[in-house]
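> sequence and computational prediction follow.
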Amino acid sequence: MGWFSTTPFLNVPDSTQITYRKSSWWKLNQQRLTPWIFLFPGLLLFLVYVIWPIFNSLYISLLQWDGLSPAIYVGLSNYIELLDDEYFYISLMNNLKWLILFMLAVPIGLGLAIFLNQTIFGIRLIKSLFFFPFVISQVVIGIIFSWFYNPRGVIGPFLDKLGLSNYAILADENFATYGIIFAGIYPQIAYCMILYLTGLNNLNIDQIEAGRMDGAKGLSLFKNIILPQLKPATFLAIVVTVIGSLRSFDMVAIMTQGGPYGSTNVLAYYMFETALSEYGYRMGYGSAIAAVLFTIMMFYILFFIYRMYQSEKKGL
Amino acid sequence: MKKIIATLTAILAMGFSSSFAGTLVINTDLTDPAPKAAFEWAFNKFQEENPDVTIEVNNFDHEGYKQAIRNFLTTSPPDVFNWYAGNRMLPFVRAGLVEDVSDIWSDTGWVDGNLTEGMSHAKKPMTIGGKQWGIPYTYYQWGVYYRKDIFEANGISVPTTWDEFVAACATLKAAGVTPITIGSKYLWTTAGVFDYLNLRTNGYEFHMALTKGEIPYTDPRVHAVFDKWDELVKPGYFLENHASLAWQEAIPPMINGEAAMYVMGNFSVALFKEGGLTNDNLGFFQFPEITPGIPMAEEAPTDTMHIASGAKNKTDAKRFLIFLSRADVQEEMNKTLGQLPVNSGSKVDPDPFLEAGLNMLNNAYAMAQFYDRDAPAEMASEGMKGFQEYMVNPDRRDKILERLEKVRQRVYK
């Protein structure tokens, strides 16, 4: 308040009697309201761009609508049709494959991070080379891997030696998805690696020293001293990997467009295909797929929030 | 960047100058070099002839256009836009977004010589509900492109019947050449084969009834088509791994001499020639007859120009459409496009493929637009997925056709 008194306006002579007005409503509630005022722009955007679209999609999933003609309310028939749609089950299964196999990125990333966490000459350069796949756009990786898988391309001679000449993994309905996942994991490993590298930088040296003194080394040192300290990094790596696998869209779109005959579809791409692609424009059906994907993600997110809440209660 | 600026200025200009009479707003997706050049010529020529009209072009990226058209037709309709004939325009016509231009076709009030007489053979695909909704300005033929030298080396002459065709495939296969190359990653190439097999086995009327959803996919006549297809798929006459290749990626085997034929559209000629083939070793023949006596209908996808129902300047829009249907204009444009003019009064360049195509189409019984333009989008996408699956696993035919039948019942409900 010091600087206030220097302004002429507030330099009131002693004789003047100051009467304070009764505390206004604003003054009484200022403390409670200010955070909301600051939050307002963000909340507004969140409502308009996240919450409202969610409910709107749920509503559209009850309609039969091509985006041009008037929409017809059809109740749950889009969902009933989903139950009888084999492409939907294929997509769901593929999502599951993505989810499970994508998890491999976490331990591989950890392994690489530990391997690269050395102080030798030029390690920064090597680290950045390992990080490179994450910098490249997914689209570029998709294109390069589809060239790579082309039996007339780079791996052709190796396939010949393996007795698999002319084998095109992306044309094989049983293995095409694995081919795409492999391409998808490639940048994901780099991502997990970088998360672990930063985690390794923040290790508490004292604890490691103490562990060593107590005779821990090798695997037991790693398991009991280092891994628990990497818990935040692991947590983050798992979260981004799960999300990355569930929203796997670009790779599928670039490498196979869901083909051959729908066998590499995932929910996100199938939703796009039915609702927005050249042959699609079934907004209602696409929204129903989106609703299913949303439910799956919601389960995961709620579980995640619950875990976070539990550990914060414990004060970890 | 230049394109973006051009589009932006066009959009800005649209906003500022829409009040002036004589501004014609045209939305197109003609970003490929040849169509772009052809239309630039047409725009200049039109302005030369009609100095009172200013043309504003909004050029969209080809793939993006398919999405954008839904937005701009409902929110800020241009005067004129390009699209495709057949069922592809049906959703827009049905939603009342396209202007009825039957008066151009019937010449009332717009008489400019015998304007549309030369295009009467292309009237059918432009007609929905007895009215015409645009004018066609170019099309191209589909058929079989083949390596003349490989055919000669194996003593094969151009097949005109199904038996000859299958025999040719067998000879080629025995000689270690893949008879037919195809890249089915983007599905539509399989539809070209299906369309021709169906047109030749059951005829044009049946094909149209099938794509209109009037015939179940489990019908014995559809099975008959797949019986013919079996004769090619089961002995392995198509390129291996076609499901992983785009249509362009299936061209190198033919250029290398590893494959001999490709059921394709005429736009492929440019790629064949880029790859080193010439008129001496690349040839074209009409898809052979299957059921004797059935009139030969052909695949000829047509590109069209339409007026938006929300157009501000319908008068000049109609003048532009009339201009675009003129024989001399189509002749000049199609020279640049390397395709066929729809107006039968136009001539084509002396090119063996164009001449063969023109000759074939002028004598065609009828013209199909291609499966994905004749059938509604949903049916087409499921259908083409099914064709691809069939070509990889011919044993699943029954399952696939049952699935397509299920889709048909839903789509045409």
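Nice, thanks for sending it over.

> pretty sure residue B:51 sits in a helix.
No. Using DSSP: H, G, I helix; E, B strand; the rest coil, the assignment for residue B:51 is coil, not a helix.

> separation between it and chain A?
37 Å (CB to the nearest CB, to the nearest Å). Heads up, the C-betas are built off the backbone N, CA and C, glycines and all.

> and that residue, how many residues sit next to it?
8 (other CB atoms under 10 Å in any protein chain shown).

> per-residue confidence at it?
The model reports residue B:51 with a pLDDT of 90.

> point out where chain A drops to low pLDDT.
Residue ranges of chain A with pLDDT under 70: A:1-22, A:280, A:315-316.

> which stretches of it form strands?
Secondary structure of chain A by DSSP state E: the strands cover A:63-64, A:72-73.

> deepest-packed of those, please.
Sort those by mean neighbour count, taking mean count of other CB atoms under 10 Å in any protein chain shown, and strand A:63-64 sits at the top with a mean of 18.

> excluding its backbone neighbours, what's nearest residue A:258?
residue A:265 (4.1 Å; CB to CB, 6 or more residues apart in numbering or on different chains).

> for that neighbour, give me its contacts.
A:87, A:90, A:91, A:94, A:252, A:258, A:273 (CB atoms under 8 Å, 6 or more residues apart in numbering or on different chains).

> chain B: which of the residues you listed is nearest?
Of all the contacts of residue A:265, chain B sits closest to residue A:273, with 7.6 Å by CB to the nearest CB.

> that closest one and residue A:258 touch, don't they?
Yes. Residue A:273 lies in contact with residue A:258 (CB atoms under 8 Å); the separation is 6.1 Å.

> and of the strands of chain A, who's closest to chain B?
Checked against CB to the nearest CB, the stretch from those lying closest is strand A:63-64, at 9.7 Å.

> is chain B contacted by the closest one?
No. Using CB under 8 Å from any CB of the partner chain, strand A:63-64 stays clear of chain B, with a minimum separation of 9.7 Å.

> give me the buried positions along stretch A:43-56.
Across stretch A:43-56, burial judged by 16 or more other CB atoms under 10 Å in any protein chain shown covers no residue at all.

> how about residues contacting that stretch?
Counting by CB under 8 Å, 6+ apart, residues outside stretch A:43-56 touching it are residue A:294.

> how long is it from one end to the other?
18 Å (CA to CA, to the nearest Å).

> over to stretch B:79-89?
Span of stretch B:79-89 from end to end, CA to CA: 16 Å.

> helices or strands up against the helix or strand hosting residue B:171?
Counting by DSSP states H and E, the element that carries residue B:171 is helix B:162-174. Under the contact criterion of 3 or more CB pairs under 8 Å, 6 or more residues apart in numbering or on different chains; DSSP states H and E, helix B:162-174 touches strand B:178-181, helix B:220-233.

> could you dump it to PDB, C-alpha only?
Provided in PDB are the C-alpha atoms of helix B:162-174 (Å, rounded to 0.1, in the frame of the first residue of the first chain):
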ATOM      1  CA  TRP B 162     -13.900 -64.700 -74.000                       C
ATOM      2  CA  ASP B 163     -12.400 -68.000 -75.000                       C
ATOM      3  CA  GLU B 164      -9.700 -66.300 -77.000                       C
ATOM      4  CA  PHE B 165      -9.000 -64.000 -74.000                       C
ATOM      5  CA  VAL B 166      -8.700 -66.900 -71.500                       C
ATOM      6  CA  ALA B 167      -6.600 -68.800 -74.000                       C
ATOM      7  CA  ALA B 168      -4.300 -65.800 -74.400                       C
ATOM      8  CA  CYS B 169      -3.900 -65.600 -70.600                       C
ATOM      9  CA  ALA B 170      -3.000 -69.300 -70.400                       C
ATOM     10  CA  THR B 171      -0.400 -68.900 -73.200                       C
ATOM     11  CA  LEU B 172       1.100 -65.900 -71.400                       C
ATOM     12  CA  LYS B 173       1.100 -67.600 -68.000                       C
ATOM     13  CA  ALA B 174       2.900 -70.600 -69.600                       C
END
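
> would you turn the contacts of residue A:265 into TSV with distance to residue B:268?
Listed next are these as TSV, based on distance: CB to CB, whole Å:
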residue	distance to residue B:268
A:87	30
A:90	32
A:91	33
A:94	33
A:252	27
A:258	25
A:273	26
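
> closest one of the residues you listed to residue A:150?
Nearest to residue A:150, judged by CB to CB, of the contacts of residue A:265 is residue A:252 at 17.4 Å.

> list the contacts of the closest one.
A:180, A:258, A:264, A:265, A:266, A:268, A:269.

> go again using 10 Å as the cut-off
By CB atoms under 10 Å, 6 or more residues apart in numbering or on different chains, residue A:252 lies in contact with A:91, A:94, A:98, A:142, A:176-177, A:180-181, A:184, A:258-259, A:264-266, A:268-270, A:272-273.

> next one: residue A:241
Counting by CB under 10 Å, 6+ apart, residue A:241 has contacts A:99, A:102-106, A:109, A:185, A:188-189, A:191-192, A:195.

> domain map for chain B?
As recorded under automatic domain parsing, the domains making up chain B are B:2-139+B:303-355, B:142-299+B:376-411.

> count the neighbours of residue 207 for me.
Looking at chain A here, since you left the chain open. By other CB under 10 Å, the residues close to residue A:207 number 14.

> ah, I was thinking of chain B
Neighbour tally, residue B:207, other CB under 10 Å: 26.

> equivalent analysis for residue A:37, please.
Residue A:37, neighbours per other CB under 10 Å, totals 9.

> buried sites along the helix holding residue B:171?
For helix B:162-174, by 16+ other CB under 10 Å, it's B:162, B:165, B:166, B:168, B:169, B:171, B:172, B:173.

> which residues touch the fourth one?
With CB under 10 Å, 6+ apart as the criterion, the residues that contact residue B:168 are B:146, B:151, B:154-159, B:179, B:237, B:260-261, B:288.

> which parts of the stretch 1-150 of chain B are helices?
Taking DSSP state H, counting those that start in this stretch, the helices of the stretch 1-150 of chain B run over residues B:2-17, B:33-49, B:62-74, B:90-94, B:102-105, B:148-153.

> reformat the strands of chain A as CSV; add distance to residue B:319.
Converted to CSV, the strands of chain A look like this (distance: least, CB to CB, whole Å):
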stretch, distance to residue B:319
strand A:63-64, 40
strand A:72-73, 39
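
> just the helices and strands packed on helix B:162-174: most buried one?
Mean neighbours per residue, mean count of other CB under 10 Å, is largest over these for strand B:178-181, with a mean of 24.
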